[in-house]
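J.: all I have is the shape, not the residue letters:
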Ligand SMILES: *Cc1c(COP(=O)(O)O)cnc(C)c1O
């Protein structure tokens with residue numbers, strides 16, 4: 001049934017400027033051997049296959065962020081993150097495809113460029129280190145650079161770590177729509193959708209997608225870099241921004257965020273994550289990156305072992321291929 005409210009939110013969605021970067025829809029497929037090993041029916045949503053560069057969840061985010069940047073007449077994209085950030089690499093690639101100059105602000109002391117930063121340099125990004133380990137030094141660095149560029153008459157578009165904004169999260173509201181179609185086609189009624197959560201934009205988009213599409217599944221994030229309470233608050237705030245853009249009421253239940261089952265530091269391997277990645281590689285032929293997806297899967301496995309998961313569930317494979325080779 002199409003209500004006036006649904007038509008209004010659809011109109012708000014299609015009005016949002018968007019650039020096509022991804023090869024979408026990505027596959028949604030069953031994972032029978034993994035399901036048998038875990039004792040829960042698990043399906044994989046393959047956002048490692050979104051297509052730009054080496055793929056990953058940030059491609060969906062960038063479709064809306066770059067659309068917004070172009071609409072605002074930006075000539076430069078300034079963003080940042082850690083030295084292993086998938087986000088900065090994909091942001092640099094995406095910016096290049098639309099003629100924007102990418103500048104990346106990286107926390108920490110200058111270091112040789114490996115993995116994602118080497119790929120970003122290959123893509124022609126300018127890379128600046130803050131010299132401070134404090135992750136928030138990225139946002140300070142972005143602001144300082146932007147002021148310099150504006151003084152030179154340039155028009156930079158600024159984005160914090162992970163692209164976690166109301167606009168960026170539209171990417172995963174749109175992905176919800178894609179999943180609603182795919183689950184219908186495959187006659188699947190998932191009870192839960194699991195993912196790894198970092199800067200919280202992806203989960204926020206999925207939560208906004210719940211408010212928009214009422215897909216019938218609960219969204220479960222596994223935090224890999226922030227305290228659970230901080231994630232809950234960030235997801236709710238960003239999701240509310242996205243809902244406002246979509247002209248829908250915010251989702252009324254609190255975001256569900258689990259702590260990292262391995263409790264490892266951000267950017268480091270954990271035994272639980274390594275075990276989860278091994279299981280998925282050996283049953284389904286899919287690689288989970290050690291920083292995000294392997295920890296998300298470890299969270300799902302821990303919940304399944306505790307009897308808290310009844311299938312079918314979807315696990316979002318979020319990409320991060322470059323760190324398969326660089327995180328020791
Ligand atoms: C960024 C990232 C995530 C987490 O997404 P957020 O929107 O930052 O929460 C998960 N997996 C991979 C591979 C990522 O690069």
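T.: Received the coordinates, thanks. All of these numbers come straight from a predicted model, not from anything done at the bench.
J.: show me which residues of this protein sit near the ligand.
T.: Contacts of the chain with the ligand, taken as Cβ under 6 Å from any ligand atom, map to 56-58, 86-87, 162, 164, 196-203, 289, 292-293, 318-320. C-betas here are computed from N, CA, C, even on glycine.
J.: among those, which lie within strands?
T.: When DSSP state E defines the strands, the subset of the residues of the chain next to the ligand inside them is 196, 197.
J.: which ones are touching the residue in the stretch 1-150 of the chain that the ligand sits nearest to?
T.: Ranked by Cβ to the nearest ligand atom, the top residue of the stretch 1-150 of the chain for proximity to the ligand is residue 86, at 3.4 Å. By Cβ atoms under 8 Å, 6 or more residues apart in numbering, residue 86 lies in contact with 56, 58, 116, 289, 292, 319, 320, 322, 323.
J.: could you redo the last one with a cut-off of 6 Å?
T.: 56, 116, 320 (Cβ atoms under 6 Å, 6 or more residues apart in numbering).
J.: would you map the helices across the stretch 51-200 of the chain?
T.: 58-71, 86-97, 115-122, 137-151, 170-185 (DSSP state H, counting those that start in this stretch).
J.: a markdown table for these, including distance to residue 230?
T.: Output for the helices of the stretch 51-200 of the chain, formatted as a markdown table (distance: least, Cβ to Cβ, whole Å):
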| stretch | distance to residue 230 |
| --- | --- |
| helix 58-71 | 20 |
| helix 86-97 | 18 |
| helix 115-122 | 24 |
| helix 137-151 | 15 |
| helix 170-185 | 19 |
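J.: closest to residue 109 out of those?
T.: Across the helices of the stretch 51-200 of the chain, residue 109 has its closest neighbour in helix 137-151 (11.2 Å, Cβ to Cβ).
J.: am I right that residue 156 is in contact with residue 76?
T.: Yes. Between residue 156 and residue 76 a contact is recorded at 4.2 Å, counting by Cβ atoms under 6 Å.
J.: of the two, which one has the most company?
T.: Neighbour comparison, residue 156 and residue 76: the larger count goes to residue 156, with 22 against 19 (by other Cβ atoms under 10 Å).
J.: what's the spacing between the more buried one and the ligand?
T.: According to Cβ to the nearest ligand atom, to the nearest Å, residue 156 stands 22 Å off from the ligand.
J.: need the contact list for that residue.
T.: By Cβ under 6 Å, 6+ apart, residue 156 lies in contact with 76, 78, 146, 149.
J.: and if we set it to 10 Å?
T.: The contact partners of residue 156, by Cβ atoms under 10 Å, 6 or more residues apart in numbering, come to 69, 74-78, 100-101, 103, 142, 145-150.
J.: so what's residue 129 up against?
T.: Neighbouring residues of residue 129 by Cβ under 10 Å, 6+ apart: 80, 83, 104-111, 117, 137, 141.
J.: with residue 117 instead?
T.: Residue 117 makes contact with 81-85, 88-89, 92, 104, 106, 111, 125, 127, 129, 322, 326, according to Cβ under 10 Å, 6+ apart.
J.: fine, thanks again, bye for now.
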